[in-house]
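A.B. asks: have a look at this prediction, sequence included:
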Amino acid sequence: MTNKEIIEKTKEYVKNKLEGEGSGHDWWHILRVYNNALDIAENEGNCDIFTVELAALLHDIADWKFHNGNLDKGSEIADFFLSGLNVDKKTIEHVADIIKNISFKGANVENTITTKEGMIVQDADRLDAIGAMGIGRAFAYGGFMKREMYNPDVPYEIHNTFEEYKSKNGSTINHFYEKLLLLKDKMNTKTGREKAEKRHEFMLSFLDEFYSEWDGKI
């Protein structure tokens, strides 16, 4: 089986698994991350594009948020699936490592992504968490988890450990300060940083509008 055929099989598999998902971690999120990863890879160069493609497509196949904080579940599923397509072991291990380490785990938690391919996919994933897409996904996820949209009596928190971060239960607006507004400065690649600038500014404008409407000023 050629690499192109493996990518097409992977797209089909992920689409069947995630199509119609309602928390913002659906097939269309995957496709946006995939396209962004390809664009970043093209601009950055000098990377294994096959690994980038597979990791982008499989990065949310079993997100820890829906599996009791289990960071290994997605890697295990990806390993099993790719082994069934006879992908070489080195590539499978690389993809599995990216999937395990891609997630944001708290403002002050060290990023454990080390390879260029991983950095590219992580940037692509983080780009879809900010800007207009990020705002839409944040409120979709908040509603899915039955969280308040905003509660001015509950301040946001800066998390120092993954345990603190995954146990949080604040409002969607708090999530902007606990994660989304931090991502611009956590981008790994030059292309990722450039893409993040406009999206970051859009979120700041949105928050200005949100607070003005909340307070009845406009």
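C.D. replies: Perfect, thanks for sending it.
A.B. asks: show me the shaky parts of this structure.
C.D. replies: 64, 66-67, 69 (pLDDT under 70).
A.B. asks: wait, what's in contact with the most centrally placed residue in it?
C.D. replies: By CA atoms, centre = their mean, the mean C-alpha position of the chain lies nearest to residue 125, the distance being 3.7 Å. By CB atoms under 8 Å, 6 or more residues apart in numbering, residue 125 lies in contact with 33, 56, 59, 102. The C-beta positions use only the backbone N, C-alpha and C, and glycine is treated the same way.
A.B. asks: other SSEs contacting the helix or strand encompassing the first one?
C.D. replies: Same thing as residue 33. Remark: residue 33 resides in helix 27-44, with elements defined by DSSP states H and E. Using 3 or more CB pairs under 8 Å, 6 or more residues apart in numbering; DSSP states H and E, the elements in contact with helix 27-44 are helix 3-18, helix 49-58, helix 116-127, helix 190-214.
A.B. asks: which of those helices sits most buried?
C.D. replies: helix 116-127 (a mean of 26; mean count of other CB atoms under 10 Å).
A.B. asks: name the next helix or strand following that helix along the chain.
C.D. replies: helix 131-144.
A.B. asks: residue 160 contacts residue 108, correct?
C.D. replies: Yes: at 4.6 Å, residue 160 counts as touching residue 108 under the criterion of CB atoms under 8 Å.
A.B. asks: ramachandran coordinates for residue 112?
C.D. replies: Dihedral pair for residue 112: phi -100, psi 10, per degrees, to the nearest 10.
A.B. asks: neighbours around it, how many?
C.D. replies: 12 (other CB atoms under 10 Å).
A.B. asks: how about residues contacting stretch 110-123?
C.D. replies: Taking CB under 8 Å, 6+ apart as the rule, stretch 110-123 contacts 33, 36-37, 40-41, 44, 46-48, 51-52, 55-56, 59, 94, 97-98, 101-102, 186-189, 191-192, 195.
A.B. asks: check the separation of the first and last residues in it.
C.D. replies: Its first and final residues considered, stretch 110-123 spans 15 Å by CA to CA, to the nearest Å.
A.B. asks: before we move on, the earlier item: centre of the chain to the helix holding residue 33, how far?
C.D. replies: Computed by CA atoms, centre = their mean, to the nearest Å, the chain-centroid distance of helix 27-44 equals 11 Å.
A.B. asks: could you check the angle helix 49-58 makes with it?
C.D. replies: Interaxial angle of helix 27-44 relative to helix 49-58 (axes from the mean of the first three to the mean of the last three CA atoms, to 10 degrees): 160 degrees.
A.B. asks: name the residues of helix 27-44 that come out as buried.
C.D. replies: For helix 27-44, a neighbour-count test (16 or more other CB atoms under 10 Å) marks 27-34, 36-38, 40-41, 44 as buried.
A.B. asks: what sits up against it?
C.D. replies: 14-15, 18-21, 47, 49, 52-53, 55-57, 59-60, 116, 120-121, 123-125, 127-128, 133, 137, 189-192, 195.
A.B. asks: what's the answer for stretch 65-85, then?
C.D. replies: 1, 6, 9-10, 13, 23, 25, 54, 58-64, 91-92, 95-97, 99-100, 103, 166.
A.B. asks: just the buried ones from those?
C.D. replies: Buried members of these, scored by 16+ other CB under 10 Å, are 6, 10, 13, 23, 25, 54, 58-64, 91-92, 95-97, 99-100, 103, 166.
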